[in-house]
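Participant: Build me a model:
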Amino acid sequence: MDRRIVIQLLTCMDQFYQAVRNQGKNISGDKSPGYVIVIAATNKPDVIDQALRRPGRFDLDREIALGVPDEAARFEILSKLSKRLKLEDKLDLSKVAKATAGFMGADLNALVDEAGYLAMKRIVEKRISLRNLEEWPSQPWYKAELESFGTTIAEFEDAVRIVQPSLRREGFHQYLLAIWALSPTVTWDDVDGVNLIRKVFEFGVVQRTKHPEYYQEMGIGTKAGFLLFGPRGCGKSLIAQAVANEAGANFIHIKGPELLHKYVGESELAVRKLFARARANSPCILFFDEVDSVTTSRGKEGGWVVERLLAQLLTKLDGVDNRQGVYVIGATNRLDVMDPALLRPGRFGSMIYVPLPGADERVAIMRTHARNKRIDTDVDLDALARSQTEIESAAEIALNEWLHLANETGSSCACSTKASHLETAVSAITPSVHDKEREYYEALSKEYKSCYGYMQ
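Facilitator: Coordinates of the predicted model:
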């Protein structure tokens, strides 16, 4: 808003407020002063001139936050909006409400319109298939056709995939980059060798998201945060995405450095908006990748740069009771530089070590990545995995680099990759994690009493 307009608005509001206060004690009959109620609306309260928000103007205690509808509110809105549609008898709107996390009222209105359009499209296409294309518009609608016009759950499911909610279109803070995935595509089938870790998240996140009423009845609260640590390339990011997929939760992937900003207060504001947006789209998993970059131990040289951000993050992690279906997962390969305050129970207290894969895990990983790859039938992947990958991470067993090198060493006209090509390619790859580094992480996992998926 232009500064001159703001000044004029402030003047008018102050004059009227003072006039009401001066005459309020002498109000009588017809001489009663008129009242003007000023109502303002915004979706960016943080950018409003603070002078407008002091007492006598738009008081802070009179600010009304219209939040994102929760599941119960979405069901009520959908029930009212869908009255204008003919729904099939067995349609359960509660399923639609559960699948529309983050949808505002306008989004739900667009969703109902889209579902109705898809239902109409289905009936019209069926009619065209039974009649002449040029004659069908002039033909009357038969009773059987009208009875089959009910909007089905399938149309609502298709509409959910088509209509993008406003919150995801708007993004987060202008300085904050985030990757949204309404339904992450990574599954546990894509992440092999982490069965114990899967069990930890099955109880800590998946079942809590799918059956929150059971945990409420037993009085079990929400886990504050999970921290995945281990060597680079061991699949920590894939694990977080698989958890979100299994739980049917929204997923926000934040790289630690993306939260940092040169202006004072901007980084803290980004953290607050991040958690607010996650609550609005619950159930939601916040995944902080490279979390060590924003949680440097306080007091170290240069640590003051992230101390304010760290303090804000600690505050949000402490607010576990207000999470409302928000789960926080962090990932790091530099556990030694993280501030100890983050690692205490109630914050990132559930520490999970993601180790280098063992022999059986390497075989499983290689089999998974060998799917849909053109590899000769005489290649013994099991033997190759056990004998050639003693110190390589999961990322190095993904076969992509192996096949690339194999194609360079093999014939350009070969229809498939042969064993000799893979053996040559394997010998040319330099392992990213060596024995000393492996030993370091093993010792670190014992120090923090968290090993191979065991939760502290």
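Participant: Show me where the chain has its strands.
Facilitator: Here the chain has its strands, by DSSP state E, at 179-181, 225-229, 250-255, 284-289, 326-332, 350-353.
Participant: Give the other helices and strands that the fifth one contacts.
Facilitator: Going back to what we said before, that points to strand 326-332. Helices and strands touching strand 326-332, by 3 or more C-beta pairs under 8 Å, 6 or more residues apart in numbering; DSSP states H and E, are strand 225-229, helix 236-247, helix 266-280, strand 284-289. The C-beta positions use only the backbone N, C-alpha and C, and glycine is treated the same way.
Participant: Select, out of these, the one closest to Glu76.
Facilitator: Closest approach to Glu76 among these (C-beta to C-beta): helix 266-280, 17.3 Å.
Participant: the inter-axis angle of that closest one versus strand 250-255?
Facilitator: 160 degrees (axes from the mean of the first three to the mean of the last three C-alpha atoms, to 10 degrees).
Participant: Quick one: mean pLDDT for helix 266-280?
Facilitator: Mean pLDDT, computed over helix 266-280, is 80.
Participant: now it against strand 284-289, angle please.
Facilitator: Here the directions of helix 266-280 and strand 284-289 differ by 150 degrees (the same axes, to 10 degrees).
Participant: other SSEs contacting helix 266-280?
Facilitator: strand 250-255, strand 284-289, helix 304-318, strand 326-332.
Participant: hmm, who's touching the longest one?
Facilitator: Meaning helix 304-318. Where contact means C-beta atoms under 8 Å, 6 or more residues apart in numbering, the residues beyond helix 304-318 that reach it are 224-225, 259-260, 264-265, 267-268, 271-272, 275, 293-296, 298, 328, 339, 341-342, 346-348.
Participant: Pull out the buried members of these.
Facilitator: With burial judged by 16 or more other C-beta atoms under 10 Å, the buried subset of the contacts of helix 304-318 is 224-225, 259, 267-268, 271, 275, 293-296, 328, 339, 341-342, 347-348.
Participant: what sits against Leu10?
Facilitator: Neighbouring residues of Leu10 by C-beta under 8 Å, 6+ apart: 51-52, 57.
Participant: Go through the residues you listed and say which is closest to Ala244.
Facilitator: Proximity of those to Ala244 (C-beta to C-beta) peaks at Leu52, which lies at 39.9 Å.
Participant: if I pick that closest one, what's in contact with it?
Facilitator: 6, 9-10, 58.
Participant: For PyMOL, write the select line for the buried members of those.
Facilitator: A single PyMOL command selects the buried members of those (16+ other C-beta under 10 Å):
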select buried, resi 9+10+58
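Participant: I'd like the contacts of Leu52 written out as JSON lines, with pLDDT added.
Facilitator: Formatted as JSON lines, the contacts of Leu52 follow (pLDDT from 0 to 100):
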{"residue": "Val6", "pLDDT": "85"}
{"residue": "Leu9", "pLDDT": "87"}
{"residue": "Leu10", "pLDDT": "86"}
{"residue": "Phe58", "pLDDT": "81"}
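Participant: lowest average confidence, helix or strand, in the protein?
Facilitator: One helix or strand of the chain scores below all others by mean pLDDT, DSSP states H and E: strand 179-181, with a mean of 44.
Participant: can you tell me the distance between the two ends of stretch 206-216?
Facilitator: End-to-end distance for stretch 206-216: 15 Å, by C-alpha to C-alpha, to the nearest Å.
Participant: Report the buried residues of it.
Facilitator: Neighbour-count burial for stretch 206-216 flags 206, 208-209 (criterion: 16+ other C-beta under 10 Å).
Participant: Stretch 342-361 too?
Facilitator: Neighbour counts over stretch 342-361 (16+ other C-beta under 10 Å) mark 342-343, 347-357, 361 as buried.
Participant: Which ones among these map onto helices?
Facilitator: Glu361 (DSSP state H).
Participant: Pull the most distant pair out of the buried residues of stretch 342-361.
Facilitator: Spatially, the most separated pair among the buried residues of stretch 342-361 is Arg347 and Glu361, at 29.6 Å (C-beta to C-beta).
Participant: Let me know the pLDDT of Ala398.
Facilitator: With respect to pLDDT, Ala398 scores 55.
Participant: let me fix that: Gly330
Facilitator: Looking at Gly330, its pLDDT reads 92.
Participant: correct me, but it touches Lys236?
Facilitator: No - using C-beta atoms under 8 Å as the test, Gly330 is too far from Lys236 to be in contact (9.2 Å).
Participant: what residues are up against Ala101?
Facilitator: Ala101 makes contacts with 71, 250, 281-284, as judged by C-beta under 8 Å, 6+ apart.
Participant: That one and Ala249, how far apart?
Facilitator: Per C-beta to C-beta, to the nearest Å, Ala101 is found 8 Å from Ala249.
Participant: Residues that sit against both of those two, list them.
Facilitator: Common contact partners of Ala101 and Ala249 (C-beta under 8 Å, 6+ apart): 282-284.
Participant: Compare these and tell me which has the most neighbours.
Facilitator: Counting neighbours by other C-beta atoms under 10 Å, Cys284 comes out on top of the shared contacts of Ala101 and Ala249 with 26 neighbours.
Participant: Next up, the contacts around that one.
Facilitator: With C-beta under 8 Å, 6+ apart as the criterion, the residues that contact Cys284 are 101, 249-252, 278, 325-327.
Participant: And stretch 358-370, how far out from the chain middle?
Facilitator: Distance of stretch 358-370 from its chain centroid, counting by C-alpha atoms, centre = their mean, to the nearest Å, is 28 Å.
Participant: Kindly report the domain assignment for this structure.
Facilitator: The chain breaks down by automatic domain parsing into domains covering 3-62, 71-167, 172-356, 359-427.
Participant: okay if I get those as a markdown table plus distance to Glu437?
Facilitator: Shown next, in a markdown table, are the domains of the chain (distance: least, C-beta to C-beta, whole Å):
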| stretch | distance to Glu437 |
| --- | --- |
| domain 3-62 | 44 |
| domain 71-167 | 40 |
| domain 172-356 | 6 |
| domain 359-427 | 9 |
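Participant: Tell me which of those domains sits most buried.
Facilitator: Among the domains of the chain, domain 172-356 has the highest mean neighbour count (mean count of other C-beta atoms under 10 Å), at a mean of 19.
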